[in-house]
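**Student:** Starting from these lines, generate the structure:
(chains A and B)
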Amino acid sequence: MQFMAFLKDSFREARNGWVLQAMLVLSTILVLFVASISFTPTTVQRSIEVPLGLMNWSFRNNPAFTGTKLEVDNYRESNPGEPWNSDYEFDFVVRAQSAEQLKKIDEQRGLPVSRARVERFLKQTLSSLNDLNVETVKSEVDSEVRFHVTTKGTKVKDVTAWPHVPKVLFAIETPFFIMSLRSGVYLIENYIVGGAGAWIILFISVIITSGFIPNLLQKGAVDLAISKPIGRSRLLIYKYIGGLIFTGLLTAFTVGGSWLVIGLRTGMWNNNFLVAIPLVVAYFSILYAVSTLTAVLTRSMIVAILATLMAWALLFGIGYVNRKIEEREASVAEQLANPDAGPALPKSGEAPDLDGMISKIDPDAPLWGVIPKSLFGTLKAIHFVSPRTFQIDKYLDRLIARGILPEHELDEAEAKKPMTTSWAEILGVTTAFIVFVLGLACRRFVTRSY
Amino acid sequence: MSSDQSVIVTGGLCKTYGAVQALKGVSLSVDRGEIFGLLGQNGAGKSTLIKILLGIVRKTDGEANLLGEPAGRAEIRKRVGYLPEDHQFPQYHTGASLLHFYGQLYGMSRAERRKKIPEVLETVGILKRMDYKLRTYSKGMKQRLGIAQAIFHNPDVIFLDEPTDGVDPVGRKELRELFETLRDEGKTVFVNSHLLGEVELICSRVAILQRGELARIGTVADLTRQEGRYVIGLDAGESLPIDEIVKMGYRCEKAADRWEVIVGDTLSIDPVLSLVHERGLKLRHLVEKKQSLEEVFVSEVDQADPGTDSRVKKTRRVG
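**Tutor:** Numbers count the residues shown, from 1 in each chain, chains lettered A, B, ... in the order given. Sure thing, here's the model as predicted:
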């Protein structure tokens, strides 16, 4: 009964400041925004024409290439009703005003004019199609080159993995963001709701709940609270749990609402996404423990907010640095196992791993040129006793990806790589940290005179 | 001095805040069914004493028992009500919701709360405001609500720190009557107050704390009595034979149309009354002179307030 009383009291307190209402409005806006996103299956022809349209636009604005146009001609597909079960055939045509202009275009690196470049461009653009074959066709006009393109089948098993054009706010089409339906849902779940949305929820929750305990400890209020028949530790823990439940409800509303509208709009029910609710609460429980301890020590809401935000940044930083140290160690171990292999060059379109490359040349080089190797041990020790906020974040990304993305897209989301931290370690260290911090807060609260 | 009836007992109670000794070995006991007043200047240690008994402040040394148990136990606090000085109720509550919240902490059922809350709010005179947010309450209303939350769970002991602070004179009278009702129901009311007139009116016993030490304790009658000082009034035109009274060993002073006879600790007033009778004087007024509690308090405490700067006595400059 006492717990329920504190829970209701915390709810009243949160509702009183209008921040809760504001947060619910924000969450509702987020859910409505998600509901406004729809996906329409696109055709292969359109998938090519969108980038070609961009290139043609740049030609129009360049006097040296005025009149140049890239286009698709004689387009045919064997099964228009199920484009993912179709074979494709079309001509890829480059038209210039003159043979000289065509030659000039060919000299421009990257433009799909030669057979090899056209093939590379189409393989990138139509990555879901199988057996893409490009053959040069003799053109009757010397200012034109023509390639005949054929494909046999696709990598896609159903419509969900087929490229779609997203539409936002119910009407605005975004043709430059063509992606599979699964990728689209992953983007919404992982980046819009699980990323930005979760961070906003956490931030607002830190602000709202940071007032709960300082308000309780105000002169005149603390006397009343302590004079009631409830132990001080229990009182503090109830307040703490009240904060967690508040954040849990807010997260459940946002994530659950988004999950529901995504499912209704796309038919994709990624149950892994719902794990975001306990994970966001787990993340918040770490921050709120810090806030609680600071509030008990200082009785100041402002100091509690600042300390919590600093702890948030610090824990993220510790997790990030530790991951980089682990990657460095893995890279050095790989180099030792295969001393003749030089640093791997980054794949096309991939950000270069400069530290990985440097470490293969000089294993003792400071991390990012700043953190000396002698500090690695200390940093890992600090990480060992720190709650695993960074890993919780990474696990959430991975779970969402695994629940929605097709096998060939998991690599891009780095969801196939094994995690270096186990669930048991994350839960164990994080729980130990929370118990320790709350233990300190309770001890101070119990022994202090008010 | 504790007895089976004692509900509050302290022995050699000490509390130190850093270099400041707030309580220096306070020993007192309060019996069931009494209204006990604790007086003292600002910073004398009155609130600290109550807070130790409630477990809000940790004692440094000594004993403090409440209802037969060491002070501070959560279970015992179910039988205790408390109105702190300068209380801050959460502004997001209404009067009723605050009492529902506190009632739940006391383990009261919903049905019990629904029955008791209107009753107690009516008792303290704010029933019509029960569904208004506390931010709309005046200071006096908040004080009445504070008293309501201290008594509505039917406690055995009620601690009230400045209970009539901010309450209008009519309200004060109503509250005094409420405290007396509570006493008649067998409850113990422990009052901290600066309003000595009120304490004098309602308290059966009073203690005066000075600089953390117990300066006086006793019934109001004991504390205010002035041993051996009587005021005598005679019929109009008659005069008391002062010279003879002085010869009998008494001091006698004329004050307006009356006489003040100081008999001292060893003599009795009876010989003076016999003399009046022998002389055929008509005795119209005889009363043992008492001080007000305020006079007792002021004479007991130093002029230096422990929590404020030393005060300089004002003297009238002549010539």
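
**Student:** C-alpha only now, for contacts and for neighbours.
**Tutor:** Will do.

**Student:** Report pLDDT for residue 218.
**Tutor:** Using chain A here. A:Gln218 is assigned a pLDDT of 90 by the prediction.

**Student:** my bad, chain B
**Tutor:** On pLDDT, B:Gly218 comes in at 89.

**Student:** Can you give me the buried ones in stretch B:39-54?
**Tutor:** Neighbour counts over stretch B:39-54 (16 or more other Cα atoms under 10 Å in any protein chain shown) mark B:39-41, B:43-54 as buried.

**Student:** May I have the secondary structure class of the most centrally placed residue in chain B?
**Tutor:** With distances taken as Cα atoms, centre = their mean, B:Gly37 lies nearest the centre of chain B, 2.5 Å away. Under DSSP: H, G, I helix; E, B strand; the rest coil, B:Gly37 falls in the strand class.

**Student:** about what we covered before: could you single out the nearest of the buried residues of stretch B:39-54 to chain A?
**Tutor:** Distance to chain A across the buried residues of stretch B:39-54 (Cα to the nearest Cα) is lowest for B:Leu54, with 5.9 Å.

**Student:** before we move on, the earlier item: taking the buried residues of stretch B:39-54, tell me the two that lie furthest apart.
**Tutor:** B:Gln41 and B:Leu54 (21.2 Å; Cα to Cα).

**Student:** hmm, who's touching stretch A:196-213?
**Tutor:** If you take Cα atoms under 8 Å, 6 or more residues apart in numbering or on different chains as the criterion, stretch A:196-213 is touched by A:10, A:13-14, A:19-20, A:23, A:27, A:30, A:236, A:239, A:243, A:247, A:250-251, A:254, A:280, A:284, A:287-288, A:291-292, A:295-296, A:299, A:301, A:304-305, A:308.

**Student:** could you give the mean pLDDT of that stretch?
**Tutor:** Taken as a whole, stretch A:196-213 has an average pLDDT of 89.

**Student:** Same check on stretch A:336-347?
**Tutor:** Across stretch A:336-347, the average pLDDT comes to 67.

**Student:** can the helix or strand A:Leu438 falls within be found next to chain B?
**Tutor:** Using DSSP states H and E, A:Leu438 sits within helix A:423-447. Yes: with Cα under 8 Å from any Cα of the partner chain as the measure, helix A:423-447 is seen reaching chain B through A:Thr447.

**Student:** Which elements pack onto that helix?
**Tutor:** For helix A:423-447, the packing partners by 3 or more Cα pairs under 8 Å, 6 or more residues apart in numbering or on different chains; DSSP states H and E come out as helix A:232-251, helix A:276-298, helix A:376-385.

**Student:** from the buried residues of stretch B:39-54, which are also near chain A?
**Tutor:** Checking these against chain A (Cα under 8 Å from any Cα), the matches are B:51, B:54.

**Student:** Of the buried residues of stretch B:39-54, which belong to strands?
**Tutor:** Among the buried residues of stretch B:39-54, the residues falling in strands (DSSP state E) are B:39-40.

**Student:** ok, A:Glu140 - how many residues close by?
**Tutor:** Residue neighbour count, defined by other Cα atoms under 10 Å in any protein chain shown, stands at 9 for A:Glu140.

**Student:** and what of A:Ile192?
**Tutor:** Based on other Cα under 10 Å, the number of other residues close to A:Ile192 is 17.

**Student:** Next one: it, what pLDDT does it get?
**Tutor:** For A:Ile192, the predicted pLDDT is 92.

**Student:** gap between it and A:Val34?
**Tutor:** A:Ile192 sits 8 Å away from A:Val34, going by Cα to Cα, to the nearest Å.

**Student:** Provide the backbone phi and psi angles at the residue in the stretch 301-450 of chain A that chain B sits nearest to.
**Tutor:** Of all residues in the stretch 301-450 of chain A, the one sitting closest to chain B is A:Ser449 (4.2 Å; Cα to the nearest Cα). The phi and psi torsions at A:Ser449 (degrees, to the nearest 10) take the values phi -90, psi 140.

**Student:** Surely it touches B:Ile56?
**Tutor:** Yes: with contact defined as Cα atoms under 8 Å, A:Ser449 reaches B:Ile56; the gap is 6.0 Å.

**Student:** what about these two, which has more around it?
**Tutor:** Using other Cα under 10 Å as the criterion, A:Ser449 and B:Ile56 rank with B:Ile56 on top: 25 against 16.
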